Each structure stands twice: as structure tokens, then as C-alpha cells.
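**Student:** Here is my input; please provide its structure:
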Amino acid sequence: MSILLILPLLTACSSQSKTEKQYADNDYIKAMQTGLEERQKIVSTDKYDSGSTSERDLILSDGIKKEQEILKPFKEKEFQSPELKKIRDDYNNALQEQLDSLPSGGDFNKIEAFDKAYDKRSQLINILIDKFGLKLNSELEKEFKLNANSVNKKEDTNKKLLETLKNAKFEEIDTFHYGAKITNNTGNTIKDTTLICMKS
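**Tutor:** Here you go, the predicted model:
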């Protein structure tokens, strides 16, 4: 009788093990490390440093494509963390935005698009380092952390400034101009800021 009772239990355990869902969270973090460091190897060369704008753009494109190649297997993978899944999607979009802006050919809009995507990547990488255990060499970690902190500070300043402006009481100076006394409550020094306001 004891043998008959044990066999179904073993079968059930075996069946449960086979159907257990596999998540890609840890493997994705490792792939991020590999992708970033492989991209760094491609870009950190004398050829890139001494190259023309068009030559540098081609090398940058190769670096992005290498990173995309390494991360491609994770596009359809399941993630246990919803936040990490969103980071994956946002990071893939930022990579593609950078690639689409190359070669820039000196086009201001393309250069701006590339830089904005770089800022977004920096913020996402910073989250991966702080919350998900992404390990990078000291040079890469310093680069992305410094830029992410700069971007976060700028965004926070703009948000606080916008809130201050919303609460400000503007008075008509003349037909074309309105003025208001604004106190800088952002906690940061604001050097040059241009505000364009439309009267509703």
C-alpha cells in the first residue's frame, strides 16, 4: 500500500517541475553587462578617437548593433519583474533611436535625438546598477552614473520650476508682456532659462 501511495506523489512532483515557468531576469542583467562592455570595446579605439565625424558615426553604429545583437534573444522572454520588463522595452527603444540618428551628418535634430536617447539609456542603466545588481567596469559605471545624475537633476529642476510657474501670479505689463516675481525653490542654481508662455 505504501508503494502505491508514493508513486502518484512522485509523478505529481515531476509534472510540476516540468511546467515551472522560467524567467529571464538574471540572464538579461548578464547580457546587459556583456552588451555594454562589447560596445565599449568597439568604440574605445584609436580609430574612433582620430576618425572623422562620418567614420565615428559608423563605429558608433557598429557598437549599437553589437549591443542589439546580444540583447535580441530577450525581446520575447518572460520576466518576473514587471519593472525590469519595462526597462528592457525602454532600453531597446533607446538603442534603436540612437541607431536611427546615425549617421548624423552634422544634422542638429539627429544629434539631439542621439543625445536624448543616451540620457535615457543612462537613467535605465543607473536603475539596473542600483536595483538589479548590474555590474560594470569602473569606467562605464562612472560614465553612466554621472550622466544619469545630471539628467535626473535637470528633470527635477524643470519639474519644480514648472510647478512654481503654475502657481505664480502674472500681471500685464503692456500689450505684449506679462511679468511675475518668481522665487527659485528648485534647490539648484538656474543660469540661463528661456520661457515662452502662451496666453490662453
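**Student:** Can you classify Asn149 as helix, strand or coil?
**Tutor:** helix (DSSP: H, G, I helix; E, B strand; the rest coil).
**Student:** Quick check: which element contains the residue sitting nearest the centre point of the chain?
**Tutor:** Note on the chain: the residue nearest the mean C-alpha position is Arg121, at 2.6 Å, using CA atoms, centre = their mean. If you go by DSSP states H and E, Arg121 is part of helix 108-132.
**Student:** Downstream of the one helix or strand in the chain whose mean pLDDT sits lowest, the next helix or strand is which one?
**Tutor:** Lowest on mean pLDDT, DSSP states H and E among the helices and strands of the chain sits helix 2-19, with a mean of 47. Remark: after helix 2-19, the chain's next helix or strand is helix 25-43, criterion DSSP H and E.
**Student:** neighbouring contacts of that following helix?
**Tutor:** Around helix 25-43, the neighbours that count as contacts under CB atoms under 8 Å, 6 or more residues apart in numbering are 59-60, 62-64, 66-67, 70-71, 73-74, 77, 79-81, 84, 88, 91, 125, 128, 132-137, 139-140. Where C-beta positions appear, they are placed from N, C-alpha and C, glycine not excepted.
**Student:** Mind checking which of the residues you listed are buried?
**Tutor:** 59-60, 63-64, 66-67, 70-71, 74, 79, 84, 88, 91, 125, 128, 132, 134, 136, 140 (16 or more other CB atoms under 10 Å).
**Student:** Sketch out the low-pLDDT regions of this structure for me.
**Tutor:** Residues of the chain that meet the criterion pLDDT under 70 lie in 1-19, 190-200.
**Student:** swap the cut-off to 50 and go again
**Tutor:** 1-17 (pLDDT under 50).
**Student:** For stretch 167-176, C-alpha coordinates in CSV please.
**Tutor:** Extracted C-alpha coordinates of stretch 167-176, given in CSV (Å, rounded to 0.1, in the frame of the first residue of the first chain):
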residue,chain,number,x,y,z
ASN,A,167,1.4,79.0,-9.0
ALA,A,168,2.8,82.4,-10.0
LYS,A,169,0.5,85.4,-10.4
PHE,A,170,1.3,87.1,-13.7
GLU,A,171,0.4,90.7,-14.2
GLU,A,172,0.0,92.5,-17.6
ILE,A,173,2.9,94.9,-18.2
ASP,A,174,1.9,96.0,-21.6
THR,A,175,0.0,94.6,-24.6
PHE,A,176,2.7,92.0,-25.3
